[in-house]
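J.: for reference, the sequence and a predicted model appear below.
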Amino acid sequence: MVRRYAATNPRAVILVEGVSDRLALETLASRRRIALSAHGISVVSMDGAGNIGRYLELFGPHGSGLTISGLYDAAEEADIRRALERAGFGSVRTRADMNRFGFYACDADLEEELIRALGADAVLEVIEARGELGSFRTLQKQPEWRGRAVEQQLRRFLGNASRKIECAPLLIQALDLSSVPRPLDAVLAHSLAAIGAGLSPLKP
């Protein structure tokens, strides 16, 4: 099932894998003072990268012909690339080609990008503010996670389905806007440029 998109008269869509990615981009846009709906830009959660084909069919060159960009996890790159080619975007052989078409990879995923940008201490502060520091300490004591780098432990902890949705906007709020992960700013910039909005998401 294809989800309804937010903008009343959409000019562009940003396809993302899940709700946490959507909330992260919408929160970042708000912090950048970018009114996505006013510009006709909708961030659409696909409920998994495997569903991209139906969204490209709906919005792409053979559908409504909207400007399309996307944010995806690095592990999904080959599937996203093939889907773009099948949808009529042209040859997509390299990550540079992906970027040219407005698709940007998170290495390895949104959680890892945000942990790297914020630093472990700042992420722990967010977790503590949610009253979950004790739960995180419990995870650290589990045999399979004991002794691992705290960044790996945090990624596992934030990977919980409901937690990642709740924490994504909080982590974006905690970011210094000079340290935003490149894929998030780049996908916003691509959409704005493609519709001629003339705004730069890189300015705090």
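T.: Done, it's in. All values reported here derive from a predicted model rather than from experimental measurement. Residues are numbered from 1 along each chain as shown.
J.: who touches residue 26 in this structure?
T.: Contact analysis of residue 26 by C-beta atoms under 8 Å, 6 or more residues apart in numbering lists 36, 43, 169. In short, each C-beta sits where N, CA and C put it, glycine included.
J.: neighbouring strands for the longest strand along the chain, and are they parallel or not?
T.: For the chain, the strand with the greatest residue count under DSSP state E is strand 67-73. Using DSSP bridges, the strands paired with strand 67-73 are strand 12-16 (parallel), strand 103-106 (parallel).
J.: pipe the ones you listed into a markdown table and attach mean pLDDT per row.
T.: Putting the strands paired with strand 67-73 into a markdown table (pLDDT from 0 to 100) gives the following:
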| stretch | mean pLDDT |
| --- | --- |
| strand 12-16 | 97 |
| strand 103-106 | 97 |
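J.: export those to CSV and tack on distance to residue 146 and mean neighbour count?
T.: Below are those laid out as CSV (distance: least, C-beta to C-beta, whole Å; neighbours: other C-beta atoms under 10 Å):
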stretch, distance to residue 146, mean neighbour count
strand 12-16, 33, 25
strand 103-106, 27, 24
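J.: nearest to residue 119, out of the ones you listed?
T.: strand 103-106 (17.3 Å; C-beta to C-beta).
J.: who's sitting farthest from the centroid in the chain?
T.: When each C-alpha in the chain is compared with the mean C-alpha position (C-alpha atoms, centre = their mean), residue 143 comes out farthest, at 31.0 Å.
J.: just the element for it, please.
T.: Following DSSP states H and E, one finds residue 143 outside all helices and strands.
J.: any idea of the pLDDT on it?
T.: Here, the pLDDT recorded for residue 143 equals 97.
J.: for residue 197, same thing?
T.: 68.
J.: same check, this time on residue 5
T.: For residue 5, the model assigns a pLDDT of 52.
J.: state the distance from residue 55 to residue 144.
T.: 36 Å (C-beta to C-beta, to the nearest Å).
J.: neighbour count: those two, which is higher?
T.: residue 55 (22 against 8; other C-beta atoms under 10 Å).
J.: which helix or strand contains residue 108?
T.: Using DSSP H and E, residue 108 falls outside every helix and strand.
J.: and the strands paired with strand 67-73 as JSON lines, adding distance to residue 48?
T.: As requested, the strands paired with strand 67-73 are exported to JSON lines (distance: least, C-beta to C-beta, whole Å):
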{"stretch": "strand 12-16", "distance to residue 48": "10"}
{"stretch": "strand 103-106", "distance to residue 48": "15"}
